[in-house]
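S.K.: Sequence below, structure please.
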Amino acid sequence: MSTSDKICELADAVQRRSAWKKAGEQVVFTNGCFDILHLGHVDYLEKARQTGTKMIVGVNSDASVRALKGPERPVNTEYARARLIASLQFVDLVIVFNEETPLELINQLLPDILVKGDDYTIDTIVGAKEVIAAGGHVKTIPLVPSYSTTGIIQKLKQ
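M.R.: Alright, predicted model coming up:
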């Protein structure tokens with residue numbers, strides 16, 4: 001499967017998730033902007049995948065990133081960011097979403113495991129109560145200190 005084949009629309013992702021569920025796979029979901037891919041992202045995504053057997057990553061669209069991060073972001077287009085995330089061997093599927101949060105994706109996919117970084121608490125993770133209500137689990141992953149896209153951008157501007 002090529003990296004571009006891992007990028008799909010929500011309807012296709014729901015079908016693939018259903019097939020994985022029938023096959024007994026433990027599906028992990030996480031999301032982010034992933035504007036400039038760095039060690040923190042790779043470490044986080046690799047650890048997230050280790051919590052299950054398949055992983056779906058929601059990537060914020062360009063409009064969504066602008067709404068969250070401001071008019072100068074994203075640095076890279078949504079297609080470029082989605083392809084980079086899809087190229088990681090431990091990522092099975094990528095969905096670009098336009099909303100500020102991935103709640104619609106989570107409600108449609110109902111992953112077995114919802115993962116975010118430990119800069120969140122379970123009660124602040126979007127979709128946590130829905131995943132738990134459906135019998136799933138919510139986990140946080142320790143982040144690599146001193147790695148952030150904002151930090152990289154600030155360093156480049158200096």
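S.K.: what's around the spatially closest residue to R83 that is not a sequence neighbour, how many residues?
M.R.: Take R83 and drop its neighbours on the chain: the residue closest to it by C-beta to C-beta, 6 or more residues apart in numbering is T3, 5.5 Å away. The way it works is simple: take the backbone N, C-alpha and C, and place the C-beta from them, glycine included. Neighbourhood size, T3 [other C-beta atoms under 10 Å]: 15.
S.K.: got the contact list for T3?
M.R.: Applying C-beta atoms under 8 Å, 6 or more residues apart in numbering, one finds that T3 lies in contact with 83, 86-87.
S.K.: Please report the distance of it from T30.
M.R.: 18 Å (C-beta to C-beta, to the nearest Å).
S.K.: Report all helices and strands that the longest helix along the chain contacts.
M.R.: If you go by DSSP state H, the chain has its longest helix at helix 10-22. Helices and strands touching helix 10-22, by 3 or more C-beta pairs under 8 Å, 6 or more residues apart in numbering; DSSP states H and E, are strand 27-32, strand 54-60, strand 93-97, helix 103-109.
S.K.: Can you give me the buried ones in the shortest one?
M.R.: Think strand 93-97. Neighbour counts over strand 93-97 (16 or more other C-beta atoms under 10 Å) mark 93-97 as buried.
S.K.: measure the residue nearest the centre of the chain to V131 for me?
M.R.: The geometric centre of the chain, computed from its C-alpha atoms, lies nearest to N31 (C-alpha atoms, centre = their mean), at 2.2 Å. According to C-beta to C-beta, N31 stands 13 Å off from V131.
S.K.: P71 now?
M.R.: 33 Å.
S.K.: A128 contacts V138, correct?
M.R.: Yes - under the criterion of C-beta atoms under 8 Å, A128 makes contact with V138 at 4.5 Å.
S.K.: Mind putting the helices and strands packed on helix 10-22 into TSV with mean pLDDT?
M.R.: TSV is the format used below for the helices and strands packed on helix 10-22 (pLDDT from 0 to 100):
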stretch	mean pLDDT
strand 27-32	97
strand 54-60	98
strand 93-97	98
helix 103-109	98
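S.K.: Just put those in JSON lines and tack on distance to R16.
M.R.: Formatted as JSON lines, these follow (distance: least, C-beta to C-beta, whole Å):
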{"stretch": "strand 27-32", "distance to R16": "9"}
{"stretch": "strand 54-60", "distance to R16": "8"}
{"stretch": "strand 93-97", "distance to R16": "6"}
{"stretch": "helix 103-109", "distance to R16": "9"}
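S.K.: That's all I had, so thanks and see you.
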